[in-house]
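Colleague: Next one to model:
(chains A and B, ligands or ions: 5)
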Amino acid sequence: MENSVTLAIDGQSITVAEGTTLRAACDVAHHTVPTLCWHENLTPANACRACVVEVKGSRTLVASCSRIAENGMEVQTGSERVMNARKVVAELLLSTSDSNLAPDLIALAQNSGAQADRFAGGATWAQPALEDNNLYVRDLSKCILCYRCVEACGDDAQNTFAIAVAGRGFNAHIDAGFGRDLPESDCVYCGNCVAVCPTGALIGKKEWDLRQTGQWDESQITQTETICSFCGVGCELNLHVMDNQIIKVTSPMDHPVTHGMLCVKGRYGYEFAQSEEQS
Amino acid sequence: MNQVRRLLPDFGTTSSPTSVERLKERGFAEALRKVFAMSGEDIISQITESGIKGRGGAAFPTGLKWSSVYKAPGETKYVVMNADESELGTFKDRVLLEEDPLGALVGVLIAAHAVGAKKAFCYIRGEYRDVENRMAEALDTLRSQGWVGPDRVDVQIRRGAGAYIAGEETALFNSIEGKRPEPRVKPPFPTIKGLWASPTLIQNVETLANVAVLFAHDTEWFKQYGTKETIGTKLVAISGHVKQPGVYEVPFGMSLTDILNAPDLGGGIAGSGRLGAMLLGGAAGTFLTPEEIAKSSLDYASLGAVGANIGSGAVMVFDDTVDLVGVTTRLARFFAEESCGQCVPCRVGTQRVVELIENDGIQSRPQDLRELGLAMRDASICGLGQTAPLALLSLLDRPELRQHA
Ligand SMILES: Cc1cc2nc3c(=O)[nH]c(=O)nc-3n(C[C@H](O)[C@H](O)[C@H](O)COP(=O)(O)O)c2cc1C
Ligand code: SF4
Ligand code: SF4
Ligand code: SF4
Ligand code: FES
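Modeller: Ligands and ions are numbered 1, 2, ... in the order given. All right, here's what the predicted structure looks like:
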């Protein structure tokens, strides 16, 4: 077949289109690899290393989320080196960040047999949450530095470049520029960073408040689809409703117009819809 | 005499290091005239024939790299000299640039002509201000002779800002581009997609100096020193418990024992006078026992047999009273400080290694340390995280080095 490549994944021969990543090829082979930082609508950040696989002939393991499949590659998704790396990645993150709202990390930890406290007891990222605006909260004690928010705010979606990674080593962190509060930064509150955050480190203010008071109840939440009425672009909205109140607005990640990304009006304008209802 | 003087000028040399006189005396003026009349292909085939390998640590065959950049599609190409030199115990590029700055710069010009680059950057460690000034003077000399400039090769100096990671080639490109020096994912390799996404040839200072002396002479001359597998000479930076620490040029293949003891090299073990261990290759290197040192020579195959690497040529020597666990703790702190923070195994791993070994982990939790170290080596994005655990792993593998403390 032209424009296709054939490779072996755990001994199984697989043919995929040229340009397919190893991660996607592993999916085809039903040997799915875990991922944390990878997101379907964002450029691979290569940061978490949960997705590493062993490629014959390669000195180090290879991040499958970004590596493009080549003809004749021999890939192992469950070798001893892979399993050790995955497990250690999970343990390192658990020892650093609060994983309560991070389902992918929790699943990685479980599936890799991680011992949650193996590397615990040292420095952590525990820190007070930043509640400096009415729309979303930054609880960076939950952050795993997956870079998704930075990419969503940058040229993968929003092109605002309000946030970036600052500091180095263990002190690296998401920053709105010189440690500023969000209202002083370039942020336009589109909430796209919140939409892609896999750990709840970025979380809508409404959800945050409800969780703080123990009122957030997933089982009571229903979703309603609608089209945003603020302008003519036609963004699809999912209204998350609890107790007759809109508590969160998202857009489907596979929606052809939005790709999950919205503007401040669509994402946080629901206060306005509710105020009309109530009047 | 065990020392060689080829990359470094002869002891008797009196001309100013940045002068036109030096340019002629070292044969560089003639080399430039010769090379600029040659085709890229011919230059590259001579480089390949000379067997030069990268001297920045990875020992990648230089000819192969040049030919990859030469063949890479693209109008704009760049050459970069990597003078960031921030590896612990490595100070050979500094000495080379102080004593003979024209050599490496002539190497840059030859490289640019060979691969078809019109623009080159010299990225120099921020703390090397005096060296940078000398390099600028040498560039002025080359400019005055018509070798540097918009019609030939435009060469600019860029200064680092104190980050070891900025010496990693792709982090260095980001730094030149004005971004955070985070390493990029490879592939794509710099030869295809480097500086501003253009094909880029990046070489260490010493590699480029080798190119200059090669063309100042010829391949036969170049092959006078070294072994069959590894041709030429290497600068070693010897520090620690030797009587004469410093930078020396030696042929590949020289025994480590001679490097330590020869009267015109290390001059013998200082301190207690009894050799305890050697850390070869800087912070990213491996500890060797006296027995391993006794049977090894400065060659990739010989060192590979004991799990070591020449790296950048850093040779740190410890007498038998030094607490190597303490040394390893310091190395671990260095990596934790210098990690860029991008990937989990290195960002968190370097921190946990420090915490564990500060709490007697080498004694009490060797298995956890080993698994952590292997995950860092295997799964980190770049060479920093991949090599950060090597000294530690080598110490775990050599219990005899932990007897005295
Ligand atoms: C953390 C790190 C730091 C590095 N620092 C340097 C450096 O200061 N100088 C250097 O030449 N190479 C350094 N390297 C190696 C470069 O990435 C690259 O391999 C080298 O510049 C290529 O040149 P060569 O082939 O001439 O050795 C470093 C690599 C890593 C991973
Ligand atoms: S809300 Fe939008 S603009 Fe503000 S930081 Fe997040 S992505 Fe950037
Ligand atoms: S805040 Fe969320 S999206 Fe941003 S880096 Fe941290 S975990 Fe990732
Ligand atoms: S290995 Fe360390 S220095 Fe290299 S990219 Fe990862 S965090 Fe940065
Ligand atoms: S998913 Fe590949 S590095 Fe994070």
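Colleague: Helices along the stretch 201-350 of chain B, start to end?
Modeller: For the stretch 201-350 of chain B, applying DSSP state H, counting those that start in this stretch gives helices covering B:205-216, B:219-222, B:256-261, B:290-294, B:300-304, B:324-338, B:344-358.
Colleague: possible to save these as TSV with mean pLDDT, mean neighbour count and distance to B:Q386?
Modeller: C-beta: built from backbone N, CA, C; applies to glycine. Listed next are those as TSV, based on pLDDT from 0 to 100; neighbours: other Cβ atoms under 10 Å in any protein chain shown; distance: least, Cβ to Cβ, whole Å:
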stretch	mean pLDDT	mean neighbour count	distance to B:Q386
helix B:205-216	98	26	21
helix B:219-222	96	15	32
helix B:256-261	98	19	24
helix B:290-294	98	16	22
helix B:300-304	93	16	17
helix B:324-338	97	20	11
helix B:344-358	98	25	8
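Colleague: among these, which is nearest B:R22?
Modeller: Of all these, helix B:205-216 sits nearest to B:R22, with 11.8 Å by Cβ to Cβ.
Colleague: Now do the contacts for the nearest residue to B:T62 once chain neighbours are set aside.
Modeller: Leaving out its chain neighbours, the residue that sits closest to B:T62 by Cβ to Cβ, 6 or more residues apart in numbering or on different chains is B:I52, at 4.3 Å. Residues in contact with B:I52 (Cβ atoms under 8 Å, 6 or more residues apart in numbering or on different chains) are B:P61, B:T62, B:G63, B:T207, B:N210, B:V211, B:L214, B:I231, B:G232.
Colleague: what's the distance between B:I52 and B:Y300?
Modeller: 13 Å (Cβ to Cβ, to the nearest Å).
Colleague: B:I202 too?
Modeller: When distance is defined by Cβ to Cβ, B:I202 is 21 Å away from B:Y300.
Colleague: and whichever residue of chain A sits closest to ligand 4, what does it touch?
Modeller: Closest contact between chain A and ligand 4, by Cβ to the nearest ligand atom, is at A:G169 (7.6 Å). By Cβ under 8 Å, 6+ apart, the contact list for A:G169 reads B:A336, B:E337, B:E338, B:S339, B:C340, B:G341, B:R347, B:T350, B:Q351.
Colleague: Just flag the most distant two among the contacts of B:I52.
Modeller: Using Cβ to Cβ, these reach their maximum pairwise distance at B:P61 and B:L214, which is 14.1 Å.
Colleague: show me where pLDDT drops low in the chain?
Modeller: Assuming you mean chain A. Across chain A, the stretches falling below the confidence threshold (pLDDT under 70) are A:1, A:272-279.
Colleague: The chain in question should be chain B.
Modeller: Residues of chain B that meet the criterion pLDDT under 70 lie in B:404-405.
Colleague: which bits of it sit near ligand 1?
Modeller: B:54-58, B:60, B:82, B:84-86, B:164-165, B:167-169, B:202-204, B:207, B:382-384 (Cβ under 6 Å from any ligand atom).
Colleague: can you give me the strands in the chain?
Modeller: Unless you meant another one, I'm taking chain A. With DSSP state E, the ranges of strands along chain A come out as A:4-9, A:12-17, A:52-55, A:62-63, A:74-76, A:136-138, A:164-166, A:173-175, A:202-204, A:222-227, A:236-242, A:245-250.
Colleague: Sorry, I should have been clearer: chain B.
Modeller: B:78-83, B:119-124, B:154-159, B:200-204, B:233-240, B:246-251, B:275-280, B:286-288, B:314-319.
Colleague: burial count for whichever residue of the stretch 201-350 of chain B sits closest to chain A?
Modeller: Taking Cβ to the nearest Cβ as the measure, the stretch 201-350 of chain B has B:G341 as its residue closest to chain A, at 2.8 Å. B:G341 has 24 neighbouring residues, counting by other Cβ atoms under 10 Å in any protein chain shown.
Colleague: One more: B:L195?
Modeller: The number of residues packed near B:L195 is 25, by other Cβ under 10 Å.
Colleague: Surely it touches B:K77?
Modeller: No - shown here, B:L195 and B:K77 do not form a contact pair, counting by Cβ atoms under 8 Å, at 9.0 Å.
Colleague: what residues are up against the nearest residue to A:V53 once chain neighbours are set aside?
Modeller: Take A:V53 and drop its neighbours on the chain: the residue closest to it by Cβ to Cβ, 6+ apart is A:S64, 4.7 Å away. Contacts for A:S64 (Cβ under 8 Å, 6+ apart) come out as A:T21, A:L22, A:R23, A:C26, A:V33, A:C51, A:V52, A:V53, A:V75, A:T77.
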